[in-house]
Structure formats: C-alpha cells, structure tokens
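Pasting a predicted model and its sequence here:
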Amino acid sequence: MKTLFELNPALDIPAYAARFAATGRVQLRDVLTPESASELQMVLARGTDWGIAIGAGTEKPASMRGARSRTPEGQQALRHAMENAEQHSARGEYGFRFAHYPILEAIREGWDPGGAHEILLGHLNTPDFLQLVRKVTGVEGLVKADGQATLFAPGHYLGRHNDSHVAEGWEVAYVLNLARDDWHPDWGGYLLFLNDEGDVIEGFRPRFNALNLFRVPQSHLVSYVPPFAPIGRMAVTGWLRSL
C-alpha cells in the first residue's frame, strides 16, 4: 500500500488558492501521483463491498451494507426506500440514492481492521494532506477529515442540498474523483453548483484523479446518472472539519 496515497509534488497551489478565494470552490487536477491514483481506483473498483445509501426529505437516511442489500429482504427494503426517495424528489424535496462504503462506520464496527479503506482515511488525516487543503482553502482551523467511498451507477443521483452542518465543524467538502478517465458528459454524475434561483453557476466533470474542494454551506447536487451510463463514477467523499 506504499503508493495508495502520494500527493503530486507539482501542484500549483497558489493558483488553486486564488481560484478558491474567488469562488469558494476549486478542482485540483492530477492531485495524486499516477501510480497512487490507479491503485486507489483499483481498491474502490475491486476491493469495496458496496452498500446503498438512500435519503428522502428530512427522514433519517437509510444505509444498507452490501451483504444485506443482496438478500431478498434487503432487496424489498431497498425498493421501498427508493420509491420513497423518488416521491420526495418528484415533489422537489431532497432525495438521493447511490452506492457507498461508510469508512468511519466500518472502522468503528471493525468490518475490515487494517484494510485499505482504513489506511486511506489515515492518509486523508496526515499533516501533508491537511496542510495542502489549508493552503488551498485558507481555512487554517481544519483538524481532521472524515470520508466514505461512493459509487454513482445508472439511476443514482444526489439532490440539491447545502451541507449546513457548521455546528458539527463542517468547513470544506471534498470529492476525490476516481471515475474512468474517459467519463463522458452524457453519463451525468457532475458536481453542480447552483445560485438562489436554481441556475447552474459552475460544474465539475468527474475527472479521474481530481480533487474537488468547496466551502460549505453551498447549494450543490450530483446530476442523475442515466440508464445507459457505465458503472464508474467512483469517488472518496467527505468533509474537512474544525471539530
């Protein structure tokens, strides 16, 4: 796992910092070394037992582990949860569904002690990575990162929201993209930012080996992945926190 998370030493940090200062968001391309990004992509693609996350309105989001999601009982529960999420989304309320592996929960419950996902979260909490984010964002009080692995397959989406959890220390959201390097715009899965009138003011394609950083709260969504898209919009996502 030596190459699982090595930062690219050639990043133009001042340019990225200027962009973040102007808009509150930025995409750092080629953030990891090529070897690191490829190894991490392989961990997500081949070494992750994907569960499902589903949200509907203000209800507590549902999270189901991979093994249970493959049982008849789990499938039935998922269908009910997905229908509920779709009904909320159809009314213009918050909803989402995507595959995920909740790394913090997995560590707390001992799903895979010492495994690649645990090692990854450790890398996200190293001084080198946290200092990189502090330099780019100008948020000096960042002390730790949480995280989950996410996979947006056909039919998945994340509805508009703003991550207004400042009381919990959420300062900067991050998305470490590990999608296919040929991800096509028609396949959806874009991180889109909206103004108060619902217009898209900026969007980031899910580029392979690109790190999105944005200040929260900020209105955003992940666009719907259509049925003809391949399975490949993978990422590690979470929040950089001051608490």
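Yes, it's here.

Which other helices and strands does the longest helix seen in the chain contact?
Secondary structure of the chain per DSSP state H: the longest helix is helix 72-90. If you count contacts as 3 or more C-beta pairs under 8 Å, 6 or more residues apart in numbering; DSSP states H and E, helix 72-90 packs onto strand 51-56, strand 62-64, helix 66-69, strand 95-101. Bear in mind the C-beta positions are built from the backbone N, C-alpha and C, glycine included.

can we see that at 10 Å?
Applying 3 or more C-beta pairs under 10 Å, 6 or more residues apart in numbering; DSSP states H and E, one finds that helix 72-90 makes contact with strand 51-56, strand 62-64, helix 66-69, strand 95-101, strand 157-161.

pLDDT on that helix, on average?
What helix 72-90 shows for mean pLDDT is 96.

Next: stretch 36-46.
Averaged across stretch 36-46, pLDDT comes to 97.

What of stretch 181-191?
Per-residue pLDDT over stretch 181-191 has a mean of 97.

ends of it, how far apart?
16 Å (C-alpha to C-alpha, to the nearest Å).

Contacts for the longest helix of the chain, please.
Applying C-beta atoms under 10 Å, 6 or more residues apart in numbering, the external contacts of helix 72-90 come out as 51-59, 61-62, 64-71, 93-97, 155, 157, 159-160, 224.

Settle this for me: Gly141 is touching Glu171, isn't it.
Yes - in this structure Gly141 lies within contact range of Glu171 using C-beta atoms under 10 Å: 7.0 Å.

Distance check, Met64 against Leu120.
According to C-beta to C-beta, to the nearest Å, Met64 stands 22 Å off from Leu120.
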